[in-house]
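In: Following is a predicted model, sequence given first.
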Amino acid sequence: MIKKLISLRYKYLYLFLFNIFFLCANHSVIAQDNTSILNSWLQYRDARNPLYHHLTGEAYKLIDLREKEVSHIETAEEFETMGQWQKRQKEIKKTIWNTLGSFSEKTPLNARITSTIKKDGYRVENIIYESLPDFYVTSSLFIPDNLQKPSPAILFCTGHSGIAYRRPYYQLPLINLVKKGFIVLAFDPIGQGERLQYFDPNTGASIIGGSTKEHSYPSVQVSLIGQSIARYFIWDGIRGIDYLVSRKEVDPGRIGVHGLSGGGTQTSYISALDDRVVAAAPAGYITSFRRLMESIGVQDGEQNFYHGILKGIDHADFIELRAPKPTLIMATTRDFFSIQGARETYKEAKHVYGIFGKPENLEKVEDDLGHGYTKKTREAMYAFFQKNLRNPGSSKEEEVEYLSEKELQKTSTGQLSTSLKGETVFSLNRKEAGKDLRELIDSRGNLKQHLQMVPAKAKLLSGYREPSLSDKPVFSGRFQENGYFMEKYFVKGEGEYVLPYLLLIPEKPNKKLVIYLHPKGKGIVTGNKEIHSLVEKGFTVLVPDLLGTGELGEGDFSGDASINGVSYNLLYTAMQIGRSIVGIQASDIIKLSRILVQKYGVTNIWGIAREEMSPALLYAAAFDSVISRVALVKPYSSYRSVVEERFYDSRFVFSLVPGALTAYDLPDIAASLAPKKLLVAGITDANGQPIKKEEQKSDWEIVRNAYRSKKSEGTFKILSDSAIKDADALFKEWLK
């Protein structure tokens, strides 16, 4: 009996403890669910990709405009000797160079042969040349034996492989071309082979990741000065052709270009922009931006031009710029580059070739495969070059003996960074950015005029649009918490998406309203000391999810340029259409602030933002007077720091504005707020680390000068990182 009572006692104790655990766990779930809004609405529950859909929806409108324009051009014979298509070709070529950032001159190649290897039927000269001063390109020239006269030559562009053309998959077509009597120059693209931009000697690999990440990581630094990283890939290839035509073995009138995947990208660009290219065969790349965005989305850095789609550039233009020169589109039906897009682009370009009277000069070969080559597509490529570079022979593919990586090594260490060192994309871009930064400093010399122009320039470059204020919020629930009420709402954003937000209302409100922005969105409300400190003081606080945060997070689209969990591909989509993610966020912040004004009848809103959300708040406050004071907690210092630091924190990518440094920097935006109350605490560098005092002074001196000129020095404060630890003390002066 006693044993039975003891057993029952333990049984009830177990049930009691289990219920306590369940209630605690359930309370945690409930608390978390309190901040969720869209999951309880079937209409929006599956809206995981609002940023992707909004940006691509904008892109489709621009693509429609291009298609309409192209469809109106019917003849090549107009305006006396210059037809509409010839005129368009000139305009598009100029536009592409403007979006890329053209190079002013061709500098000496300083080419040197580092080794020569004799193989069966050909020899290989391993060569290093400089496409720009001290910007070394590692390459190999394959020369067939027994050449009797200058012969046709092909620039071989490599796809996204860490070892570049050393990979047997690429050696097979390359050596076959050589066996068929073509001189072939293969070169390492940036970030591949012996040209890793972020090589770690300790691991023997890239610090950043694979080749697409090696391309994408520096691409956003290049975009900040309104240029495209593709300019370096293209220039490497154009200078490679310069080297080819300098060789006595090469017939400069018979130049071809070929490549697969990323090499197909390079082939498309180089052959469109270099008039010396007689025949071009891009493989595994040509589709259309419409089909690309509908399927896998835009991809890595070099495949996206600054404002490319905005300027009317699509894949078809790379083919049509060549009309009527011979071009072969190589495609596979299961490629992740949409075959439907390839077919539609071919159809459009075929019509253009017909206008020029040479429809037969545009060909297409297809086979059933995923992304890559087949024997059928390779043999079609051999035959294409044999015909169009006047080098007849059998197009049947041969088995080849592959060369080792060691045989194709050009540098003493296997990497330029540890042998010749030299320039990188980062170092070259830093120099380019230096010109813009010097001009920016000069502009700041006339402070009043400069600051008057900054908001307008920022609106233009960020792609900002005035928000619609006619949309009404939808009330979605209310919870009573300790000392305040939490209400849940959503309202239509700039596009078809909705903005979910929480409104924390004190039991005794002081009629002052704060919008609080956090990188993780409204989900951080529970347990956030800063927010609860504000509510305890009587402030009504609005905490939203903006695009890219919380329930409106990045979604499914990561692409092959996802670095440290951040989808650079989304930034590229925005950049292509002349928009920025931070510009859209700023518009939505203003909309939410105006809703607060309408709801409570106040005249202004105060804003607080943390870390990478700080630029969005700065833009919003600069673009609209509704936000009357601003507090930034751990903001990064400037766009300047992003281009001048070799490494930067990927978290900041969504807050970048491509082209910004051609007109302003983040401190200029902050300076334009004067005399609004501005608190900045714990400024960091581009890596999210506490900034050095001299850099802080350099970046933020314009802000001090602006507040001084308005005789409002007391309303601008910079606090150290240590001040962030105490939420009450942090905002004490700012809240007065």
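Out: Received, thanks.

In: What segments of the stretch 101-250 of the chain are helices?
Out: Along the stretch 101-250 of the chain, the stretches classed as helices by DSSP state H, counting those that start in this stretch are 168-179, 211-223, 230-246.

In: Show me what the longest one is packed up against.
Out: Read it as helix 230-246. helix 84-100, strand 122-132, strand 135-144, strand 151-157, strand 183-187, strand 250-260, helix 262-273 (3 or more Cβ pairs under 8 Å, 6 or more residues apart in numbering; DSSP states H and E). Bear in mind the C-beta positions are built from the backbone N, C-alpha and C, glycine included.

In: quick one, the fifth one and helix 262-273 angle?
Out: Taking axes from the mean of the first three to the mean of the last three Cα atoms, to 10 degrees, one finds that strand 183-187 is oriented at 110 degrees with respect to helix 262-273.

In: Any idea how far strand 183-187 is from the middle of the chain?
Out: Offset of strand 183-187 from its chain centre (Cα atoms, centre = their mean, to the nearest Å): 30 Å.

In: Next: the third one.
Out: When C-alpha coordinates are averaged (Cα atoms, centre = their mean), strand 135-144 and its chain have centres 30 Å apart.

In: start the count at 310, not 1, going forward
Out: With 310 as the first residue, the last one maps to strand 444-453.

In: who does that strand pair up with?
Out: strand 431-441 (antiparallel), strand 492-496 (antiparallel) (DSSP bridges).

In: returning to what we had before: nearest to residue 439, of the helices of the stretch 410-559 of the chain?
Out: helix 539-555 (7.9 Å; Cβ to Cβ).

In: what does stretch 988-1003 rub up against?
Out: 920, 938-946, 950-951, 953-954, 956-958, 960-961, 979, 1004-1005, 1008-1009, 1026-1030, 1032-1033, 1039-1040, 1042-1043 (Cβ atoms under 8 Å, 6 or more residues apart in numbering).

In: try 6 Å
Out: The contact list for stretch 988-1003 (Cβ atoms under 6 Å, 6 or more residues apart in numbering) reads 940-943, 945-946, 950-951, 954, 957-958, 1005, 1026-1028, 1030, 1032-1033, 1043.

In: Equivalent analysis for stretch 753-771, please.
Out: Here stretch 753-771 has contacts from 752, 889, 892, 931, 966, 968-969, 972-973, 977, 980-981, 1011, 1014, using Cβ under 6 Å, 6+ apart.

In: before we move on, what about stretch 367-387?
Out: Looking at what lies outside stretch 367-387 - Cβ under 6 Å, 6+ apart - the contacts are 392, 393, 394, 598, 599, 602, 618, 621, 623, 664, 665, 886.

In: Pipe those into a markdown table and attach neighbour count, secondary structure and distance to residue 811 per row.
Out: Below are the contacts of stretch 367-387 laid out as a markdown table (neighbours: other Cβ atoms under 10 Å; DSSP: H, G, I helix; E, B strand; the rest coil; distance: Cβ to Cβ, whole Å):
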| residue | neighbour count | secondary structure | distance to residue 811 |
| --- | --- | --- | --- |
| 392 | 17 | coil | 60 |
| 393 | 16 | helix | 56 |
| 394 | 22 | helix | 56 |
| 598 | 26 | helix | 38 |
| 599 | 23 | helix | 38 |
| 602 | 23 | helix | 33 |
| 618 | 26 | coil | 36 |
| 621 | 19 | coil | 42 |
| 623 | 24 | coil | 42 |
| 664 | 19 | helix | 59 |
| 665 | 17 | coil | 61 |
| 886 | 24 | coil | 31 |
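
In: Those residues: which two are farthest apart?
Out: Based on Cβ to Cβ, the longest span within those runs between 392 and 602 and measures 31.3 Å.

In: As CSV, could you dump the C-alpha coordinates of stretch 739-758?
Out: Taking C-alpha atoms only, stretch 739-758 is exported to CSV below (Å, rounded to 0.1, in the frame of the first residue of the first chain):
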residue,chain,number,x,y,z
ARG,A,739,39.3,51.0,-55.1
LYS,A,740,41.4,53.3,-57.4
GLU,A,741,38.4,54.0,-59.6
ALA,A,742,36.3,54.8,-56.6
GLY,A,743,39.0,57.1,-55.4
LYS,A,744,38.2,59.4,-58.3
ASP,A,745,34.5,59.6,-57.3
LEU,A,746,35.4,60.1,-53.7
ARG,A,747,37.7,63.0,-54.5
GLU,A,748,34.9,64.6,-56.5
LEU,A,749,32.5,64.0,-53.7
ILE,A,750,34.9,65.8,-51.3
ASP,A,751,35.2,68.7,-53.7
SER,A,752,31.4,68.9,-53.9
ARG,A,753,31.2,69.0,-50.1
GLY,A,754,33.3,72.2,-50.2
ASN,A,755,30.1,74.1,-51.1
LEU,A,756,28.2,72.5,-48.3
LYS,A,757,24.8,74.3,-48.7
GLN,A,758,24.6,73.6,-52.4
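
In: Quick check: which of the helices of the stretch 410-559 of the chain has the most neighbours on average?
Out: helix 520-532 (a mean of 27; mean count of other Cβ atoms under 10 Å).

In: Can you pull the poorly scored residue ranges out of the protein?
Out: 310-342, 356, 383-391 (pLDDT under 70).

In: Any idea which residue is closest to the centre of it?
Out: Against the mean C-alpha coordinate of the chain, by Cα atoms, centre = their mean, the closest residue is residue 881 at 3.6 Å.

In: so that one makes contact with residue 609?
Out: No - in this structure residue 881 lies outside contact range of residue 609 using Cβ atoms under 6 Å: 8.2 Å.

In: any chance of the helices of the stretch 410-559 of the chain in TSV, plus distance to residue 911?
Out: Below are the helices of the stretch 410-559 of the chain laid out as TSV (distance: least, Cβ to Cβ, whole Å):
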stretch	distance to residue 911
helix 477-488	65
helix 520-532	38
helix 539-555	49
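
In: Select, out of those, the one closest to residue 986.
Out: That would be helix 520-532 among the helices of the stretch 410-559 of the chain, by Cβ to Cβ, at 31.9 Å.

In: tell me the domain ranges of the chain?
Out: Per automatic domain parsing, the structural domains of the chain span 394-732, 747-1039.

In: Next, the distance between the ends of the last one.
Out: Distances were taken as Cα to Cα, to the nearest Å; on that basis the terminal residues of domain 747-1039 are 35 Å apart.

In: circling back: check the contacts of stretch 988-1003 for burial and list the buried ones.
Out: 940-943, 945-946, 950-951, 954, 957-958, 1005, 1026-1028, 1032-1033, 1043 (16 or more other Cβ atoms under 10 Å).

In: Which of those fall within strands?
Out: 940, 941, 942, 1026, 1027, 1028 (DSSP state E).

In: Which one of those is nearest to residue 652?
Out: For these, the nearest to residue 652 is residue 941 (50.4 Å; Cβ to Cβ).
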